[in-house]
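Novice: Just a sequence and a predicted model for now, questions to come.
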Amino acid sequence: MSRPRGSALPGTLPITLAELVRIAPLAAGEVLHLADPARPVEQVVVAETIDRLRRSSPHSLVVLHADAAAGGWSLAAALHLAWERNASAVVVARSVAGPSSAALAQRLNMTLVVIDEQPVEVALQLAGQVSAPDAARALRQALFAERLAEESSTRAVLSALNGELDPVPVALVVGDAVLAGRAAALVESPDAEQVEVDVKGPGERPWAQLVAAVPARVPGAARQVEALLRLARPALLASLAQARLNSAQRAAHEQAGFGLLRQLVGEPPSTDRVGAEIEAPPWTIDLGWHVDGFNRAVWLAPLRPVGPPPEQLTELVRAAWLRARPTWPLVAEDDGWISWCSTSDADDVTVLRPTLTGFRETAAAHGLVIGVGRPVRGVAGLMRSVAEARLAAHVARDSGPGAVQWFDQVGPPAALAWLPTAEIAQVADLCLQDLMAAKDRSTLVDTVLAVLDCGGSLSQASQRLGVHRNTVLTRVARARQLGLDFEDPGQRLSLHVLCHALASLADDQGRTGNETA
Amino acid sequence: MSTAHAATAGGYLGASTSISADDVPALYEGARFYAPAVGDAYKSPLTSWLTGLLDRNGPVSLRRPEAMPPNTRCVALCVVGSGSALADLPPAGDEFQLAVQRIERLQGAPFGAVYPLAAATVSALVPVVAAAQLGVPLLDADGMGRTYALIHHTAMYLAGLSPTPLVAHGPTGESVLIDVQIGPRADRLLRANVDTLGGWAALAAYPTTAEVLRRAALPGTVSRLLNVGRLLLERPTPDVLVARLAAITGCSRIGRGRIVELEHLSRPNDVTIPGHPSSLVLEESGGQRRQLRLELRSEIVAVFADGRLVAAVPDLLCLFDVSRGEVASLDSLEPGDLIDVLVTPAEAVWYSAEGMAMVGLGSHGIGLDHPRRR
C-alpha cells in the first residue's frame, strides 16, 4: 500500500538534500552545485560502474566510486545519466571533480557534492540517514542548537538562521518593522507558506516574531523550519538582554565622559575660553566620539520639564535617536539630553538636517522640543554650543512639541525664554488681585502687552490685535482701573514682564486645553 | 566551381594511380588528418627527402591489390617509436630498404610491392620512400585505415595474418628480427628494442601475397589520404571542408566550441594501451551550447556532450582549428582556441566485436558502450 507523499507521517517523510548537506558526512564535503534544496532523497546508490546508474530509481542519491569515479569523463557521464534517471544528487571524491564538472552539474541542474572521505563509508552513513530521516533531523537540530549557542547578537542569530535554512528567508519582526534578517520572509506568495514563531521578551511579554517563508510544495518543510525557529528563541532573548545591558552601560559611560569634558573646560564656558585649544582626551575615541572639528550641539528636552526625565523615557529617546545615528552620543543631563555632530566644515548640516527631520515624529510623540547650537570648534566650543542649544530648546517650547529651534535664529528675545513664567504669574495673583479676578483678564493682559510691545502706540497695538483703536483705548482704561497702570515709569518694566508671563502661561494652558480636548 | 576544378585536375575524388613529387604536400596533409596527435617536428626534412626521391626516380605506381598478380609478395612498412626521436636522429635513408631486404633474405624471395601498415602520420610517407628506392609499386591499401597504438591492431591480424617475421631497422644501422607465435608478443618484443635502436626504427612486417591482402587489407586508403590532403591544401572554409570531407570520408561535425579547460583528472589505466590520460573541455559556441568533453590518451578516444557519449574510438576524432584554418594537433591546443570537433567513421571491421575488443573504448579503460552500437 502506498501513501501519497504529501500525507506521509512526519517521521516517514523522506529527508531532503538541504537537511543532508547540513550534517556529516556531507557537511564535511563541498557542494559544487545545489539544484533544489527541497529535493527528497529516498535511496542511496553506490555506483561502481557507470552502468549501475542506468538501473537507479528516481530520487536516488548516487555515490560514485571505483570505475565510476575513474576521471572527469566518468563524472560527466554519471551526471548525464543521473539527470536522465531523475536522481537527486551525485556524490564523488574531490580528486575527480574539476571546474568543468561543476559547470556541467550546473548546466544539467544536478546537485553535485565532492567529498574527501572514502566514498563507500560516506554511502553507508548516508544510507543510514536516508532510512531514518527523523534521527538525521534530530542530529541537524542538535548541531544547529550548538551553533546558536555561540551567537550573542540578534543580527548573528538571524544570520545563522538564514544560513541554516537557505534559501528559506527568515526575519525578526516587531509590528510591521523588520528588526533583522531578510525582509523577503514577509512577502506573501502563493508558492510560500509563512511560518511564524512568537519570541517573548523579559517578563514573558511578547516582544517580536520570527517569520519564515517556506516553499509550500515541500511536505513537512514548515514543521521542520518551525522547529529550528523555536530553537533560536533563547538565543534571541539572550541577545536582547545583552543589548539592554550594553545600552545601560554605555549611557553611564557617556554621562561620565561628558561630565569630565565639562570639567576640562570649566563651568560656565566663557567666551574667552572658546578660543583656547583644549585637546580632546584620548578616551573620547574609546567612546566613539568626535570633538575635534566644528561641534554643533543638539539639546532634546521635554516640552514641560518636571525635573530629570524618567529612565524609560531616556531609553526610548536613545533608541529613536540612535536608530538614525547609531554612532552619535546621547548624554542625559538635567531635564534633557545632549547630542552633537562634529564636522570639518562649520556650515555642513547635510547630516544633521535629515536626522532632525527624521526625529521630529518621535519628538512630537513624546512631547519633546529640539534646540540646535551653532558650530564651534574644539572641546570648549562643544560646551558653548551645548549652552546655545539648551537656550534654543527653551525658545522652541513656545512652538509646541516637535519644534526645532536653531540658536542662530533666536537672538536677544531668548532672554525671555528663561523667565520663570509660573512664578511671575504667582506674583500677579498677590499684587493684582482685582485684575486676576476679572473674567476678561486675558483680553486686558493681551491688550496691555500689545500696547507696551508697540512702545505705547495705540494705533499700532490696534492693528496687531485686529480691533478698533477706541476698543484698545477702552480696554487700557479698564486695565488701569484694575491696577495695570503702566503710565508710571517706575512700574512699567515690572508690568511688561508680568503681562508677558501671564500671556505665555495662558498660551501654554490654551495649548494644553486643546491637547486634552 | 572549385570542386569541378579540383576533380578534373586530379583532385580529391576517385582513386589515384601514381604518386609523384607534386603529391607529397597532399600526402603529408592527409597523413596529419588521420593522426591528429602528431606534431610537425619532422615535416620539412621528411617531405623534402621524399620529394627529391620522387623527382630522381620518377613517380611511384599506386595499385589496388586486385590489380596485382595474386602471388605478388608484399610487405607492410611503418615507423615505430617516437616522432621526436625521428626529428632528433633523422633517417640515414636506407633503413626501410634494408628492413625489407632482410625479410627477403630470410624468406628467400623478393617482394613485388610494399604497402603502409597504417596510412597515417609519417608512416603514410615511408612506404612511398621504400617503393621509390626498391622500384616496386605501392599498394592502395593499409592495415589500419588510420593509426592505432600497437602493431597487431590491424585488419590483417584480425583476418588471421601474423605480423611476423618482422624486422626493425634503426638509424644506427642495427636491426632486430622478430618471429613469434602469438601476434601481441611481437609488439612487446619490438618496443623493448626500439629505444636501443635509436628511439625509432623502420619496420617491415606482415609479409604476405597480394591475394591475401585482397581480403585482409583495407582497400583504397592511400588514395583517400591523398584526396583528403588535396582538399585540406585548398584551405576551404570550415563549413565547406566538412561538407566535402563528408563526401570522401563520411566525416561530420560534432560541434564547434572554445577550449575552456585542459584537465588531468582521469586516472591512468592498466589496460593494454599506454597513454597519459587528460581531458579537453570545450564550451559549444552555438546551438545548444553544450559542454563538450574530449578524453585524450595517445589520441582522442571519446567525446561527451553534456556528459552523453556521442563519439568514441574506433571513430577517427580530430580537431580543426577554425581561426587558423588547419587541422589542430593535440600539443598545440590552448584555452580560448575555437575548435571544430570532427568525427569520421572508421572501416567497418573495427566495429566488429573483435575490432572493438582490440581498439574500442574498453581498451582505454572507459567502460561505456559505443554510441554506434547502442
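Specialist: That came through, no problem. Fair warning: this is a prediction, and the values are worked out from it, not measured in the lab. Numbering: from 1, shown residues only, chains lettered A, B, ... in the order given.

Novice: got the contact list for the nearest residue to A:Ser247 once chain neighbours are set aside?
Specialist: The spatial neighbour of A:Ser247 that comes closest, neighbours along the chain excluded (Cβ to Cβ, 6 or more residues apart in numbering or on different chains), is A:Arg318 at 6.8 Å. In this view, the C-beta of every residue, glycine as well, is placed from N, C-alpha and C. Residues in contact with A:Arg318 (Cβ atoms under 8 Å, 6 or more residues apart in numbering or on different chains) are A:Ser247, A:Ala251, A:Leu330, A:Trp337.

Novice: Just name the shakiest helix or strand of chain A by mean pLDDT.
Specialist: helix A:271-275 (a mean of 50; mean pLDDT, DSSP states H and E).

Novice: Skip ahead from that helix and say which helix or strand is next.
Specialist: For helix A:271-275, the following helix or strand on the C-terminal side (DSSP states H and E) is helix A:283-286.

Novice: Show me what from chain B comes close to chain A.
Specialist: B:260-261, B:263, B:265-267, B:269, B:277, B:279, B:281, B:291, B:293, B:295, B:302, B:304, B:306-309, B:365-368 (Cβ under 8 Å from any Cβ of the partner chain).

Novice: all helices of the stretch 251-374 of chain B, in order?
Specialist: Counting by DSSP state H, counting those that start in this stretch, the stretch 251-374 of chain B has helices at residues B:353-359.

Novice: List buried residues within the residues of chain B next to chain A.
Specialist: Neighbour-count burial (16 or more other Cβ atoms under 10 Å in any protein chain shown) applied to the residues of chain B next to chain A gives B:260-261, B:263, B:265-266, B:269, B:277, B:279, B:281, B:291, B:293, B:295, B:302, B:304, B:306-309, B:365-366, B:368.

Novice: Take those residues and keep only those in strands.
Specialist: B:Val260, B:Glu261, B:Glu263, B:Ser279, B:Val281, B:Gln291, B:Arg293, B:Glu295, B:Ala302, B:Phe304, B:Arg308, B:Leu309 (DSSP state E).

Novice: Just say helix, strand or coil for B:Ser84.
Specialist: When classified by DSSP: H, G, I helix; E, B strand; the rest coil, B:Ser84 comes out as helix.

Novice: tell me the average confidence for stretch B:142-149?
Specialist: Mean pLDDT, stretch B:142-149: 91.

Novice: May I have it exported as CSV, CA atoms only?
Specialist: Only the C-alpha atoms of stretch B:142-149 are listed here, as CSV (Å, rounded to 0.1, in the frame of the first residue of the first chain):
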residue,chain,number,x,y,z
ASP,B,142,46.7,-0.4,-45.5
GLY,B,143,46.2,-2.3,-42.2
MET,B,144,44.5,0.3,-40.1
GLY,B,145,42.8,3.0,-42.2
ARG,B,146,44.1,5.5,-39.6
THR,B,147,46.6,4.8,-36.9
TYR,B,148,46.4,2.7,-33.7
ALA,B,149,48.9,2.3,-31.0
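
Novice: Can you tell me what sits against it?
Specialist: In this structure, residues lying in contact with stretch B:142-149 by Cβ under 8 Å, 6+ apart are B:34-35, B:76, B:115-121, B:123, B:153-157, B:206, B:217-218, B:221-222, B:273-275, B:298-299, B:314, B:316, B:346-347, B:350, B:359.

Novice: Neighbour count and secondary structure added to the contacts of A:Arg318, as CSV?
Specialist: Below are the contacts of A:Arg318 laid out as CSV (neighbours: other Cβ atoms under 10 Å in any protein chain shown; DSSP: H, G, I helix; E, B strand; the rest coil):
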residue, neighbour count, secondary structure
A:Ser247, 15, helix
A:Ala251, 19, helix
A:Leu330, 22, coil
A:Trp337, 23, strand
